[in-house]
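**Student:** what follows is a predicted protein model with its sequence.
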Amino acid sequence: MSPAQCDLSLSLQNVLAYVDLSLHFFSLELSLLLSFHSKATKVLSLTIKSKAKEAFFLVVICKKKEEEDMPGIRGPSEYSQEPPRDPCFKVNAKEPFNAEPPRSALVSSYVTPVHLFYKRNHGPIPIVDHIENYSVAVTGLIDNPKMLFIKDIRSLPKYNVTATLQCAGNRRTAMSKVRNVRGVGWDVSAIGNAVWGGAKLADVLELLGIPKLTGFTTLGGRHVEFVSVDRCKEENGGPYKASIPLSQATNPDADVLLAYEMNGEILNRDHGFPLRVVVPGVIGARSVKWLDSINLLAEECQGFFMQKDYKMFPPSVNWDNINWSSRRPQMDFPVQSAICSLEDVQMVRPGKVSIKGYAVSGGGRGIERVDISMDGGKSWVEASRTQKPGRDYISEHNSSDKWAWVLFEATFDVSQSTEVIAKAVDSAANVQPENVESVWNLRGVLNTSWHRVLLRLGHSNL
């Protein structure tokens, strides 16, 4: 019997019985092969791989059949069973649900509370029916394909990684004021900092025979694709998917996680329960939620959000002349900062005003400084930077969280209406561009221009 001939009415128990019988006959074949000694080595190797893969795919096929009757997790086609959300959120799109907290909430603590972490979705939130049936298939260009259950992931060493996730469309609304862009409108709060708990992807892949610090598998796999349970219209009803290079996935220092906790609690539905990927230092689109499968590929993922979205184009490109294949998928996010203690136009009383916000850079780069101008950019003052309360922040020092934002603060005497500007410089001396016009692009991604707010004297509680 071959996988193609498998009767999908078979139960998993029957399939395992078949596998046992198959292995019995295989042991007889093995005895015969060994009688030919070295001449049989190649044949033996091929036979072992063939039998192992046949057994694995039989289990996968018939397990999927059982999951159709009693799925572990499923992606619904409508929005009637969405989870509850905090009423303070600014809702930018209802279906799918995309929302951000008030900007002032972001600077209330270094670690963003789960209920205030931005929501970025491309379809209805998946529903977990039978957690004991949930598993992740690891397939593709790998010698040892396997089905992993939550207990398998939890059996590996657990790591807690503090990392900032940011939607590539953060600050899109400001970019759309220059010229029209396509996409969900976001203010400055499509970003959050959390402590993610889970197993390192490098350990998971090593469990399957792929060594750490590996750039390719023996079968030619060079990219790791993550496929979600959720369904989205951009994939014509198919699953959301994204990929990262295998060299990044197998690097323990890259801290890529299969996460099952957020801020010390089990992931909630909005943020990927029961298992998600967290790729620190990279745009949030690559941190796939509700993980369904992991595939080893020769080329990067060909999904919509890798090939026809989240790419950086110059201002000269429009929807008539765009060539998606001319740009690589965006990975690391550029240096970014935003003022969160003030709205875009803020009434204040004369006197001292505190300027607070966040600054972050991708790729593990630290924040070297944050500059604040109270006169529209004519002069600058360096703001203080903190991460963990009571501890000095030093860029790229081992005492600092390399994947996380810093919070900045500076206090000024205000006696007249003025424009306040914030700009950050990272440890590689990358600095935010002065004007949004220079980074405008038709999808409105990666608006990292100087952040500006207008202070007006008047009656205020500040």
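**Tutor:** Good, I have the coordinates.

**Student:** for the rest of this, base every contact and every neighbour count on C-alpha atoms.
**Tutor:** Noted.

**Student:** okay, strands next: where are they in the stretch 101-250 of the chain?
**Tutor:** 127-128, 135-140, 146-149, 158-166, 191-200, 223-231, 239-245 (DSSP state E, counting those that start in this stretch).

**Student:** whoops, I mixed them up, the stretch 351-462 of the chain
**Tutor:** 351-360, 367-373, 381-382, 384-386, 406-414, 418-426, 451-457.

**Student:** for N435, find the nearest of the ones you listed.
**Tutor:** With Cα to Cα as the measure, strand 451-457 is the member of these nearest N435 (9.2 Å).

**Student:** mind listing the strands that closest one pairs with, and their directions?
**Tutor:** Paired strands of strand 451-457, with direction, are strand 345-348 (parallel), strand 418-426 (antiparallel) (DSSP bridges).

**Student:** got the angle between it and strand 367-373?
**Tutor:** In terms of direction (axes from the mean of the first three to the mean of the last three Cα atoms, to 10 degrees), strand 451-457 departs from strand 367-373 by 30 degrees.

**Student:** quick one, what contacts the most centrally placed residue in the chain?
**Tutor:** The centre of the chain sits closest to S287, judged by Cα atoms, centre = their mean, with a distance of 1.6 Å. Residues near S287 by Cα atoms under 8 Å, 6 or more residues apart in numbering: R276, V277, V278, V279.

**Student:** those residues in helices, which ones?
**Tutor:** Among the contacts of S287, DSSP state H puts none in helices.

**Student:** shouldn't V227 be in contact with Y240?
**Tutor:** Yes. V227 is in contact with Y240 according to Cα atoms under 8 Å; the separation is 6.1 Å.

**Student:** looking at these two, which is more packed in?
**Tutor:** In this view V227 and Y240 are compared by other Cα atoms under 10 Å, and Y240 has more residues nearby, 27 against 24.

**Student:** distance of the more buried one from D230?
**Tutor:** Distance, Y240 to D230, by Cα to Cα, to the nearest Å: 6 Å.

**Student:** who touches both of the two?
**Tutor:** Taking Cα under 8 Å, 6+ apart as the criterion, Y240 and D230 both touch H122.

**Student:** all helices for this structure, in order.
**Tutor:** Using DSSP H, the helices of the chain run over 12-34, 41-69, 103-106, 150-154, 172-176, 201-207, 246-249, 304-307.

**Student:** can you give me the buried ones in the last one?
**Tutor:** Of the residues in helix 304-307, those buried by neighbour count under the rule 16 or more other Cα atoms under 10 Å are F305, M306, Q307.

**Student:** any chance of the strands of the stretch 351-462 of the chain in JSON lines, plus mean pLDDT, mean neighbour count and distance to D255?
**Tutor:** Shown next, in JSON lines, are these (pLDDT from 0 to 100; neighbours: other Cα atoms under 10 Å; distance: least, Cα to Cα, whole Å):
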{"stretch": "strand 351-360", "mean pLDDT": "98", "mean neighbour count": "20", "distance to D255": "17"}
{"stretch": "strand 367-373", "mean pLDDT": "98", "mean neighbour count": "23", "distance to D255": "19"}
{"stretch": "strand 381-382", "mean pLDDT": "98", "mean neighbour count": "15", "distance to D255": "31"}
{"stretch": "strand 384-386", "mean pLDDT": "97", "mean neighbour count": "20", "distance to D255": "22"}
{"stretch": "strand 406-414", "mean pLDDT": "98", "mean neighbour count": "19", "distance to D255": "19"}
{"stretch": "strand 418-426", "mean pLDDT": "98", "mean neighbour count": "23", "distance to D255": "20"}
{"stretch": "strand 451-457", "mean pLDDT": "97", "mean neighbour count": "20", "distance to D255": "30"}
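
**Student:** G215 reaches L246, doesn't it?
**Tutor:** Yes. Counting by Cα under 8 Å, G215 does reach L246; the two are 5.4 Å apart.

**Student:** give me the common contacts of the two.
**Tutor:** Common contact partners of G215 and L246 (Cα under 8 Å, 6+ apart): R222.

**Student:** what about the two, which has more around it?
**Tutor:** Of the pair G215 and L246, L246 is the one with more neighbours under other Cα under 10 Å, namely 26 against 18.

**Student:** re the thing from before, where do the contact lists of V227 and Y240 overlap?
**Tutor:** Taking Cα under 8 Å, 6+ apart as the contact rule, V227 and Y240 both touch V288.

**Student:** from G366, how far out is N398?
**Tutor:** According to Cα to Cα, N398 stands 11 Å off from G366.

**Student:** so for the two, which residue has more residues nearby?
**Tutor:** Taking other Cα under 10 Å, N398 and G366 do not tie; G366 has more neighbours (28 against 8).

**Student:** now the more buried one: closest residue in space, sequence neighbours ignored.
**Tutor:** Of all residues not flanking G366 in the chain, S395 sits nearest, at 4.7 Å (Cα to Cα, 6 or more residues apart in numbering).

**Student:** over to Y118?
**Tutor:** Leaving out its chain neighbours, the residue that sits closest to Y118 by Cα to Cα, 6+ apart is E100, at 4.5 Å.

**Student:** thought that neighbour was touching F89?
**Tutor:** Yes. Counting by Cα under 8 Å, F89 is a contact partner of E100 at 5.4 Å.

**Student:** so for those two, which sits in the more crowded spot?
**Tutor:** For E100 versus F89, the count of surrounding residues by other Cα under 10 Å is larger for E100: 23 against 17.
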